[in-house]
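Undergrad: I would like the atomic coordinates for the input below:
(one chain, ligands or ions: 1)
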Amino acid sequence: MRDNTWLFQKLDEIWDENFPDIPQHNDVIIKFGRKARQRLGSIKQEAKTARDLLNKNRKTIITINGLFRDLVVPEYVITATIAHEMCHYAHGFSSPLDQKFSNPHQGGVVTKEMKARGFTKELQLQKKWLKDVWPKYLEEKMPYKPRQRRRRKMVIKWI
Ligand SMILES: [Zn+2]
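TA: Below you'll find the predicted structure:
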């Protein structure tokens, strides 16, 4: 079953296998989020108050597209998504590590990092699947709904 426990094990494996040099100085949480068309995953560090921002070791949260719970979605799509977010972590984005670039996607740094860490195959397969299958999949599972016309509420103003 693909639940948050499964995701956590997956992150653990990926970290141990492909990111063993990346230290973990904070708690890292991974979970399925909302179903989305565009966003495969995201990484953030929570800060509820300005004071939280001062804590470099505050919690990191990796969120994975809720549609990826579906077993029809190949595992390599999720592997590549987790690896992508881990590259951001390694580069010091949404993590306690020193920030290596000014922009998280500067000059294809994530793709380069993924390839260097052994995800060339997953990257290719993911790209192909997103191109060949994802649009049809979305049409079936998350069709665009025409926006409902809303009646404007009549407002009577008393002057
Ligand atoms: Zn990214």
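Undergrad: Tell me which residue is most central in this structure.
TA: residue 41 (1.5 Å; CA atoms, centre = their mean).
Undergrad: looking at it, that one is touching residue 82, isn't it?
TA: Yes - the pair residue 41 / residue 82 is scored as a contact, 7.1 Å apart, by CB atoms under 8 Å. Any C-beta I mention is one placed from the backbone N, CA and C, and that applies to glycine too.
Undergrad: what's the spacing between the residue nearest to the centre of the chain and residue 69?
TA: Computed as CB to CB, to the nearest Å, the residue 41 to residue 69 distance reads 13 Å.
Undergrad: who's the residue nearest to the centre of the chain bridged to?
TA: Going by DSSP bridges, residue 41 is paired in beta bridges with residue 64.
Undergrad: Could you check how far it is from residue 87?
TA: Applying CB to CB to residue 41 and residue 87 gives a distance of 11 Å.
Undergrad: And for stretch 94-112, what's in contact with it?
TA: Residues from elsewhere that reach stretch 94-112 (CB atoms under 8 Å, 6 or more residues apart in numbering): 22-23, 25-26, 43-45, 56-57, 60, 84, 87-93, 123.
Undergrad: Residues that sit against both of residue 41 and residue 82, list them.
TA: Shared contacts of residue 41 and residue 82, counting by CB under 8 Å, 6+ apart, come down to 62, 64.
Undergrad: in the helix or strand of the chain with the lowest mean pLDDT, what counts as buried?
TA: Within the chain, no helix or strand scores below helix 134-141, which has a mean of 94 by mean pLDDT, DSSP states H and E. The neighbour-count criterion (16 or more other CB atoms under 10 Å) identifies 134, 137-138 as the buried residues of helix 134-141.
Undergrad: can you redo the residues you listed as a markdown table with distance to residue 127?
TA: A markdown table is the format used below for those (distance: CB to CB, whole Å):
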| residue | distance to residue 127 |
| --- | --- |
| 134 | 10 |
| 137 | 15 |
| 138 | 16 |
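Undergrad: okay, now residue 99: neighbour count?
TA: 11 (other CB atoms under 10 Å).
Undergrad: give me the element residue 61 is part of.
TA: In this structure, residue 61 sits in strand 60-64 according to DSSP states H and E.
Undergrad: Residues contacting that strand, please?
TA: Under CB under 8 Å, 6+ apart, the answer for strand 60-64 is 7, 11, 26-33, 40-46, 78, 81-82, 85, 89, 94-95.
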